[in-house]
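1. Kindly generate the corresponding structure for this input.
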Amino acid sequence: MVGVIETASIKLKPGYDEDKLRNILKETQQVQAHWIREHQPKLLEGKPYNYTTDVWVTDGEAPYLFLTAPWESVDGHNEWIQSHENISLMQELKEFISQDKDAVALYHTAPAGENEFRGDILARGSIKVWKISVKPEEKSSLEKEYRSIETQSATLPGQRMWAGWRIEGDDSILVIIASPGFEDVIESGIAVRFEATKVSRFEHKPFLH
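-> You can find the predicted model right below:
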């Protein structure tokens, strides 16, 4: 099933209670998985994982969470957002989220390659994230470069790579999420070639594992 991947960055208040937040997020995974089995069962049918949302963290003076989850569609995700279960969980998370107006950045991406998104594999370790902004006429060449690397790099055990085009706003932004083992090939094969446009790099470490 080819759908969309949610990615969200949530800025946290400094000095947050790490254990308490971790427990709430683990509860969120389970509650959401139960809701999915009732309302969008195909997301978990036959999958080697029991929940869909995975979470990483970046520490520092301005700590933030990075979340990913597959959905059938943007509308399918909105159904969850508007559900009683999600609203209740968000109330629990409120105390951890920064008051800054841009504290939560949520968007969806549509697949740019053939790999299935496997957050469960990615979440076993740290991840590297690239956001590459190109001109509309450069999209096809960037996607071709990515697909070439994806095809050649499918053999690393326990490592994963996925990329998608942002749906909301500027659709000429490619987001690549990968295990650290792919950093060199992505940097040399893609990032360097498009450095003149705009390349942003991030690193996140697992929060729930």
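2. what sits against the nearest residue to residue 103 once chain neighbours are set aside?
-> With sequence-adjacent residues excluded and distances taken as C-beta to C-beta, 6 or more residues apart in numbering, residue 103 is closest to residue 11, at 4.2 Å. Any C-beta I mention is one placed from the backbone N, CA and C, and that applies to glycine too. Residue 11 is in contact with 62-64, 97-98, 100, 102-104, counting by C-beta atoms under 8 Å, 6 or more residues apart in numbering.
3. rerun at 7 Å
-> 62, 64, 97-98, 100, 103 (C-beta atoms under 7 Å, 6 or more residues apart in numbering).
4. And residue 57, by the same measure?
-> Applying C-beta under 7 Å, 6+ apart, one finds that residue 57 lies in contact with 63, 65, 204-205, 207.
5. what lines up beside the helix or strand that it is a member of in the sheet?
-> Per DSSP states H and E, residue 57 falls inside strand 54-58. Next to strand 54-58 in the sheet, as set by DSSP bridges, lie strand 64-71 (antiparallel), strand 198-206 (antiparallel).
6. out of those strands, deepest packed?
-> Stretch with highest mean neighbour count among the strands paired with strand 54-58: strand 64-71 (a mean of 22; mean count of other C-beta atoms under 10 Å).
7. Need the contact partners of that strand.
-> Residues from elsewhere that reach strand 64-71 (C-beta under 7 Å, 6+ apart): 3-12, 43, 52-58, 77, 117, 119, 177, 204, 207.
8. who does the host helix or strand of residue 21 touch, helix- and strand-wise?
-> Element membership for residue 21, per DSSP H and E: helix 18-39. Helix 18-39 sits against helix 74-81, helix 84-93, with contacts defined as 3 or more C-beta pairs under 7 Å, 6 or more residues apart in numbering; DSSP states H and E.
9. want to throw those into CSV with mean neighbour count, mean pLDDT and distance to residue 156?
-> Below are these laid out as CSV (neighbours: other C-beta atoms under 10 Å; pLDDT from 0 to 100; distance: least, C-beta to C-beta, whole Å):
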stretch, mean neighbour count, mean pLDDT, distance to residue 156
helix 74-81, 15, 98, 30
helix 84-93, 13, 97, 34
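10. Who does the residue nearest to residue 103 form a beta bridge with?
-> Beta-bridge partners for residue 11, by DSSP bridges, are residue 64.
11. Could you check how far it is from residue 62?
-> Residue 11 sits 6 Å away from residue 62, going by C-beta to C-beta, to the nearest Å.
12. remind me which residues of this structure are low pLDDT?
-> With pLDDT under 70 as the threshold, the chain has low-confidence stretches at 1-2, 154-155, 195-197.
13. Grab the most central residue of it for me.
-> The centroid of the chain falls nearest to residue 68 when counting by C-alpha atoms, centre = their mean (3.2 Å).
14. Give the buried residues for stretch 123-134.
-> Neighbour-count burial for stretch 123-134, counted by 16 or more other C-beta atoms under 10 Å, picks out 123, 125, 127-130, 132-134.
15. Run a quick neighbour tally on residue 157.
-> A count of nearby residues for residue 157, using other C-beta atoms under 10 Å, gives 6.
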